[in-house]
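> Need coordinates for the below:
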Amino acid sequence: MHLDVQDLRDFYYRTQLGRVAQRAIREQLLRLWQPGPAQTVVGFGFAVPLLRPWLSGARRVIGLMPGPQGVMPWPAGEPNVSVLCEEASWPMATGHADRLVLMHGLETSEQPAAVLDEAHRVLGPGGRAVFVVPNRAGLWARRDATPFGTGRSWSGAQLEAQLRHHGFTPERSVTVLHTPPSQAPFWLRTADLWERAGRRLPWLAGGVLMVEASKQVYAPTRGGLKAVVARPLRALEGVRSGGAPEPALKSFPPRHAHGQDAALRRAGA
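Predicted coordinates for the structure are as follows:
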């Protein structure tokens, strides 16, 4: 079940805990990717809070929001880049995206396989995708007061297995949101400290799992064409370069033919 876009907007832009979560996830995304020119950057679900660093330099930024969730204009005060779409049919050409981010688009979907298939379709060769999902081992998946408490939570092994099944190659996996999902002032003030500690202590489970993956592109296999070309038809066999025909190969009669010729000579034929 998808969350409503108004609830997502209110959490990320109107609560202090949501701003803490937005900053932590976006900063981790920037550690994985640096904004670059001439890139098409796409977000699916409610990934637009993570895409702001790419607005100024990317060739194009697109925020895809599924129909069951709803859509809102984004960014505020600037030309809108948000698009309402179907989960299993994104309005993008195949191989068009250089970078793809999914947040609140996979764990709440009723057809996650179709979402992964579309993600694989729109990502170009050499492109990269980051999947942001609730971490099953973290605290945030156990709190309904945050968006990560809705839908299916994942372990790293489960998500990576699904990505491989749909043609992705997992590259890196990290967790974020190591601070408890609490509005208490102490936890909010010390959120950055907990994030730094989580990066240094791998055993400290974060509330959100981020998996970076690349698109598998297989080299074409050798077909029958090369075998045919390696043995071309000798349509002009027997013709010299000067235009005169080459002599045909001398053919020898079968062995029994010599015996027949000798018999005919003895008979006086």
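> Report all helices and strands that the lengthiest strand in the chain contacts.
The longest strand of the chain (DSSP state E) is strand 123-134. Secondary-structure packing of strand 123-134 (3 or more CB pairs under 8 Å, 6 or more residues apart in numbering; DSSP states H and E): helix 16-32, strand 97-103, helix 156-165, strand 208-215. Any C-beta I mention is one placed from the backbone N, CA and C, and that applies to glycine too.
> So what angle separates the directions of the shortest one and helix 16-32?
Going by axes from the mean of the first three to the mean of the last three CA atoms, to 10 degrees, strand 97-103 is angled at 150 degrees with respect to helix 16-32.
> which of the residues in the longest strand of the chain are buried?
Residues of strand 123-134 classed as buried by neighbour count (16 or more other CB atoms under 10 Å): 123-124, 127-134.
> do stretch 135-146 as well
135-136, 138-141, 143, 146.
> Could you do stretch 201-213 as well?
Applying 16+ other CB under 10 Å to stretch 201-213 flags 205-213 as buried.
> so how far does that stretch reach from one end to the other?
This stretch, stretch 201-213, spans 23 Å end to end (CA to CA, to the nearest Å).
> any residues touching it, and which ones?
Contact partners of stretch 201-213, identified using CB atoms under 8 Å, 6 or more residues apart in numbering, comprise 21, 25, 28-29, 32, 128-135, 137-141, 148, 154-156, 159-160, 163, 168-178, 181, 197-198.
> Same check on stretch 131-148?
3, 7-8, 11, 17-18, 21, 25, 46-47, 50, 101-104, 106-107, 149-155, 158-159, 163, 175, 177, 180-181, 205-211, 213.
> Let me know the average pLDDT across that stretch.
Stretch 131-148 shows a mean pLDDT of 93.
> In this protein, what residue spans correspond to helices?
5-14, 16-32, 112-122, 156-165, 185-189, 191-200, 225-230, 255-266 (DSSP state H).
> Mind putting those into a markdown table with mean pLDDT?
As requested, the helices of the chain are exported to a markdown table (pLDDT from 0 to 100):
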| stretch | mean pLDDT |
| --- | --- |
| helix 5-14 | 96 |
| helix 16-32 | 96 |
| helix 112-122 | 97 |
| helix 156-165 | 96 |
| helix 185-189 | 94 |
| helix 191-200 | 91 |
| helix 225-230 | 48 |
| helix 255-266 | 50 |
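> got a list of what the nearest residue to residue 50 once chain neighbours are set aside touches?
If the residues on either side of it in the chain are set aside, residue 50 comes closest to residue 26, at 4.9 Å by CB to CB, 6 or more residues apart in numbering. By CB under 8 Å, 6+ apart, residue 26 lies in contact with 49-50, 52-53.
> Return the backbone torsion pair for the closest residue to residue 84 other than its chain neighbours.
Leaving out its chain neighbours, the residue that sits closest to residue 84 by CB to CB, 6+ apart is residue 71, at 4.1 Å. Per-residue torsions, residue 71: phi -130, psi 150 (degrees, to the nearest 10).
> Any figure for the gap between the residue nearest to residue 50 and residue 200?
Relative to residue 200, residue 26 is positioned 20 Å away (CB to CB, to the nearest Å).
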